[in-house]
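**Student:** This is the structure alone, sequence omitted:
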């Protein structure tokens, strides 16, 4: 189709500059990316696999209501994990939204991006609102609100709001799974919605596999296991179903959290408020959702083991109710495989969980968990904060930079705090470290901090 229109344009308008494809501009290069401005442009990408190695930018918010034939950007040509036609380009949403994307397919790899397989691809600055994805096959895996299968370099500043996703294995609110490449996922979220799948199901990711790094990501989606046999109900978690390292390939998840409930099936094993199975290193993370299943059930992690390299849970906590009908049910962690697996300074709430024992973690009452002095070796200057009496620790990275008083909103009070600290340096009476917005900090509150404050004002 593109060749037809190209030939026709050359015949009719031989001296007029033309655009490749049927997009709203651009030539697909890094300097001149294809411009995606409407539903037709976005749908066109999936119909043009020859453009999958190109650069794209969104130039407007896009409403996909009524589009019933959307083809994921990158896909499998069969109903099996074969004949991949992956996206290998670059995509910058420029802060725009894509609303009401609807995908129903019997093929694996479901998402705005079905398959990304390059190692250098970056997807950033996109928000998906109310996407609805449904698998019509019995086994097809890898469904995610943004990406089904990711073998690229980075996903950053991407958000999925109120998704409804029904998949099979490896199903997540943002990502189905990645695989064996150095993959960074930063500053992303899944806000509300429901995620349903069989094994390896998570509110943020179905699975994070070796060489993954997730930082400052969170989810409030509810997670459900819909499996009907023991082999299809494993590894269900509020953040990720399965987090895995391997020898010489370390996966690290830090400064992330999950607040949605995790509802396992009656025969679900390895279910946790943050992760169903931890085979990696998780630090400075927390989970607050209720958790239910059969065996290996925990408020934070259901199953903690290793896959060829030492694994850790460090400076983490959970507060949700924990319910299990089988064995190895713990307030913080269910089953702990003791060789090469470690935990440090982790806690769970015995009152809200209803559980007084755990294979990992220290038991605290609500009052103890809301007292900063009880968190041994936690960094409350840079990583954590308790914003008011009677509240749990929160991650500083989860606040807007301009929210200087950590009130969950940016107001004139924040601007006033910056003014009070203006011109101060470390050691001055009016120096306020919250106003030190540069990274790394330079020890003075000045015009450079004001510029960062202005960038985040009203966000």
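**Tutor:** Good, I have the coordinates. Bear in mind the structure is a predicted one, so any value in this text is a computation, not a measurement.

**Student:** Mind picking out the helix or strand in the protein with the poorest mean pLDDT?
**Tutor:** helix 2-12 (a mean of 34; mean pLDDT, DSSP states H and E).

**Student:** Distance-wise, check residue 179 relative to residue 151.
**Tutor:** 5 Å (Cβ to Cβ, to the nearest Å). Any C-beta I mention is one placed from the backbone N, CA and C, and that applies to glycine too.

**Student:** So for those two, which sits in the more crowded spot?
**Tutor:** Taking other Cβ atoms under 10 Å, residue 179 and residue 151 do not tie; residue 151 has more neighbours (21 against 16).

**Student:** Tell me who's in contact with the more buried one.
**Tutor:** When contacts are counted by Cβ atoms under 8 Å, 6 or more residues apart in numbering, residue 151 touches 86, 116, 117, 118, 119, 178, 179, 180, 181, 183.

**Student:** Please check the residues you listed and keep the buried ones.
**Tutor:** 86, 116, 117, 118, 178, 179, 181, 183 (16 or more other Cβ atoms under 10 Å).

**Student:** Turn those into TSV, including secondary structure.
**Tutor:** Formatted as TSV, the buried ones among the contacts of residue 151 follow (DSSP: H, G, I helix; E, B strand; the rest coil):
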residue	secondary structure
86	coil
116	strand
117	strand
118	coil
178	strand
179	coil
181	coil
183	strand
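
**Student:** Among those, name the least confidently predicted one.
**Tutor:** The member of those with the lowest pLDDT is residue 181, at 75.

**Student:** where's that one relative to residue 151, distance?
**Tutor:** Following Cβ to Cβ, the distance that separates residue 181 from residue 151 is 5 Å.

**Student:** in the stretch 251-400 of the chain, which spans are helices?
**Tutor:** 350-353, 366-369 (DSSP state H, counting those that start in this stretch).

**Student:** For residue 217, which of those is the nearest?
**Tutor:** Closest to residue 217 of those is helix 366-369 (Cβ to Cβ; 22.8 Å).

**Student:** what comes into contact with the closest one?
**Tutor:** 317, 319, 347, 349, 351, 352, 374, 392.

**Student:** Could you list the buried residues of that helix?
**Tutor:** Result for helix 366-369 [16+ other Cβ under 10 Å]: buried residues 368, 369.

**Student:** mean confidence score for that helix?
**Tutor:** On average, the pLDDT along helix 366-369 is 98.

**Student:** centre of the chain versus it, how much separation?
**Tutor:** 29 Å (Cα atoms, centre = their mean, to the nearest Å).

**Student:** Next: stretch 243-256.
**Tutor:** 14 Å.

**Student:** Could you point out the longest strand of this structure?
**Tutor:** strand 90-99 (DSSP state E).

**Student:** buried stuff in that strand?
**Tutor:** 90, 91, 92, 93, 96, 97, 98, 99.

**Student:** Residue 246 reaches residue 308, doesn't it?
**Tutor:** Yes. Between residue 246 and residue 308 there is a contact at 5.1 Å, judged by Cβ atoms under 8 Å.

**Student:** okay, those two: which has more neighbours?
**Tutor:** Neighbour totals were compared for residue 246 and residue 308, and residue 246 leads with 17 against 14 (other Cβ under 10 Å).

**Student:** For the more buried one, report the pLDDT, please.
**Tutor:** So residue 246 comes in at 90 (pLDDT).

**Student:** Check residue 459 too.
**Tutor:** For residue 459, the predicted pLDDT is 67.

**Student:** Low-confidence bits of the stretch 201-350 of the chain, can you list those?
**Tutor:** When the per-residue scores of the stretch 201-350 of the chain are filtered using pLDDT under 70, no range remains.

**Student:** Contacts only, for residue 291.
**Tutor:** Contact partners of residue 291, counting by Cβ under 8 Å, 6+ apart, are 238, 261-262, 264, 271-273, 297-299, 302, 320-323.

**Student:** Doesn't residue 50 belong to a helix?
**Tutor:** Yes. Counting by three-state DSSP, residue 50 is part of a helix.

**Student:** ok, how many other residues are close to it?
**Tutor:** 12.

**Student:** Check residue 182 too.
**Tutor:** 14.

**Student:** residues in contact with it?
**Tutor:** Counted by Cβ under 8 Å, 6+ apart, residue 182 has contacts 119, 153, 211, 213.

**Student:** which residues sit in contact with the residue found closest to residue 380 once you drop the neighbours it is linked to in the chain?
**Tutor:** Closest residue in space to residue 380, ignoring its immediate chain neighbours: residue 372 at 5.8 Å, by Cβ to Cβ, 6 or more residues apart in numbering. Shown in contact with residue 372 (Cβ under 8 Å, 6+ apart): 380, 386, 393.

**Student:** Show the end-to-end separation of stretch 353-361, please.
**Tutor:** From the first residue to the last, stretch 353-361 extends over 13 Å; the measure is Cα to Cα, to the nearest Å.
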